[in-house]
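Asker: Provided below for reference: sequence and predicted model.
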Amino acid sequence: MYDLVLKQARVIDPQAGLDKVCDIAFKGGSVAIIQDTIPASEALESHDLTGCLVVPGLIDLHTHVYWGGAAIGIEPDTYAKASGLSTLIDAGTAGPGNFTGFLKHVIEPAETRILAFLNISFPGIFAFSREIMVGECGDLRLLNPAACLNIASLYPDDIIGIKVRVGMTASDGQGSAPLDLALEVADELGLPVMCHLDNPPPSRLEVVSRLRKGDILTHCFRPFPNAPARMRDGAVREEIIAARERGVIFDIGHGKGSFGFVTAEAMIGAGFLPECISSDVHVLSIDGTAQSQLNTLSKFLALGVSLNDVIAASTSGPAAAIGRPELGSLVPGSPGDATVLHLDEGSFEFADVEGLVRTGNTRLTGDARVLGGRWHSA
């Protein structure tokens, strides 16, 4: 007897190469079987999902969910439920000085799985709000590699990489020094770095040339300056092409100021798709143009990216990026997480961080999620 059966949805699992209408069953917290039909009588609970999409549990690779502990943070479960997310990756909200509080008061009590990049800066992102904006990497006295290494070593099940924010806003003219410290810690741990880049300094070239195979450049489709493509002709910068060739991972990280349609159209037109699409949702972007993971994914549908590629960039792509490939698939035996979506048809307007608008004829909306093999309504 199965615990749960989802019937007659279009099941899309890019990692497994699956895209067809079928049934999927869960048992003991894992995916049990996928086949053309499974009798409802063989399950304790079943749902007819004709007309819906079922995909691996969606992952948002770039969020800020240290709610109550950092001004930037939002409440994780409310956000995850609205977007049908099974896994939230916190992008360095906490540092060595406050990660334990984040773990005990937010990560462990949450219904949604939360994994984290640890900020190289001791206090994490401590002053990010409408009232005060101070980059945590602007004072090198706050960057202690030994302290970062110690905390990351204590919590290997929860910390999946090191986060660093560089740029005029985040590091106040310190150039690539914070990135170099983060890379040293990550190298000792055998983990990736997720690097934020805003306005120069440092330059795109300085940052991207330092990143290693498996490191993540977030805000990868940001507007000028430090954009990955030339605005005058749309050509992808040589250092960006070289970074992809050596295995650097590109993540959208939409946020309040880090996603532009002009850049995205140039990159997509050149055949340069991101491995990961993420929202960079936080206290400012959730009410801005980013809004949510599903809204961010829908923008890529409006830009002509295929549904399967969009789903992959929020499932198998981020799962691989954090070294947890089992989270990005529905193959039998994998964790019993799934997202139920609708693909709405109509005319929908989407805005980027510069106020430019594009219109699409489809958008993704959330209906329900399955966590650990159990049904959770939206």
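Answerer: Cool, got the structure.

Asker: in the stretch 1-150 of the chain, mark out all the strands, start to finish.
Answerer: Using DSSP state E, counting those that start in this stretch, the strands of the stretch 1-150 of the chain run over residues 4-13, 18-27, 30-35, 46-48, 53-56, 58-63, 85-91, 113-119.

Asker: partner strands of the second one, parallel or antiparallel?
Answerer: Spelled out, that is strand 18-27. Sheet pairing of strand 18-27 (DSSP bridges) gives strand 4-13 (antiparallel), strand 30-35 (antiparallel).

Asker: ok, the closest residue to A91 other than its chain neighbours - how many residues close by?
Answerer: Residue nearest to A91 in three dimensions, not counting chain neighbours: H62, with 4.5 Å by Cβ to Cβ, 6 or more residues apart in numbering. Where you see a C-beta, it was placed from the backbone N, CA and C, and this is true even at glycine. Here the number of neighbours of H62 (other Cβ atoms under 10 Å) works out to 33.

Asker: and H62, how far is that from S292?
Answerer: To S292, H62 is 13 Å away according to Cβ to Cβ, to the nearest Å.

Asker: what of I125?
Answerer: To S292, I125 is 20 Å away according to Cβ to Cβ.

Asker: neighbour-wise, which of the two wins?
Answerer: Neighbour count, other Cβ under 10 Å: between I125 and S292, I125 has more, with 27 against 23.

Asker: what sits against the more buried one?
Answerer: I125 makes contacts with H64, A70, I72, G92, T93, N119, E136, R165, as judged by Cβ atoms under 8 Å, 6 or more residues apart in numbering.

Asker: nearest residue to the fourth one in space, please, no chain neighbours.
Answerer: With Cβ to Cβ, 6+ apart as the criterion, G92 has its nearest non-adjacent residue at 2.6 Å, and that residue is K163.

Asker: the one you found against M194, yeah?
Answerer: Yes: here K163 reaches M194: they are 4.9 Å apart, a contact under Cβ atoms under 8 Å.

Asker: overlap in contacts of the two?
Answerer: Residues touching both K163 and M194 (Cβ under 8 Å, 6+ apart) are A91, G92, F117.

Asker: G247: neighbouring residues, count only.
Answerer: G247 has 11 neighbours, counted by other Cβ under 10 Å.

Asker: which residue sits closest to it, ignoring its sequence neighbours?
Answerer: That would be K213: by Cβ to Cβ, 6+ apart, it lies 3.2 Å from G247.

Asker: the one you found and L115, how far apart?
Answerer: Separation of K213 from L115 (Cβ to Cβ) stands at 20 Å.

Asker: roughly how far does the residue sitting nearest the centre point of the chain sit from V357?
Answerer: Compute the mean C-alpha point of the chain, and by Cα atoms, centre = their mean the closest residue is L61, 1.8 Å away. According to Cβ to Cβ, L61 stands 25 Å off from V357.

Asker: count the residues that sit near F350.
Answerer: F350: 21 neighbours (other Cβ under 10 Å).

Asker: okay, now the sheet partners of the helix or strand it falls within, with direction.
Answerer: Using DSSP states H and E, F350 maps to strand 338-351. According to DSSP bridges, strand 338-351 forms sheet pairs with strand 53-56 (antiparallel), strand 357-371 (antiparallel).

Asker: can you list those strands in CSV and add mean neighbour count, distance to S258 and mean pLDDT?
Answerer: Listed next are those as CSV, based on neighbours: other Cβ atoms under 10 Å; distance: least, Cβ to Cβ, whole Å; pLDDT from 0 to 100:
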stretch, mean neighbour count, distance to S258, mean pLDDT
strand 53-56, 26, 25, 98
strand 357-371, 18, 17, 98
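
Asker: ok, the nearest residue to H47 once chain neighbours are set aside - contacts?
Answerer: Nearest residue to H47 in three dimensions, chain neighbours excluded: L6, at 5.6 Å (Cβ to Cβ, 6+ apart). Residues counted as contacts of L6 (Cβ under 8 Å, 6+ apart) are D23, I24, A25, S46, H47, L49, V54, A338, V340, V370.

Asker: count of neighbours near the closest residue to A80 other than its chain neighbours?
Answerer: Distances taken as Cβ to Cβ, 6+ apart put T112 closest to A80, at 4.1 Å, once the chain neighbours are dropped. Look at T112: counted by other Cβ under 10 Å, it has 22 neighbours.

Asker: quick one: T112 and D77 touch, right?
Answerer: Yes: judged on Cβ under 8 Å, T112 makes contact with D77 at a distance of 5.4 Å.

Asker: can you tell me how far the closest residue to F126 other than its chain neighbours is from L217?
Answerer: Nearest non-adjacent residue to F126, counting by Cβ to Cβ, 6+ apart: E136, 5.9 Å away. Distance, E136 to L217, by Cβ to Cβ: 19 Å.
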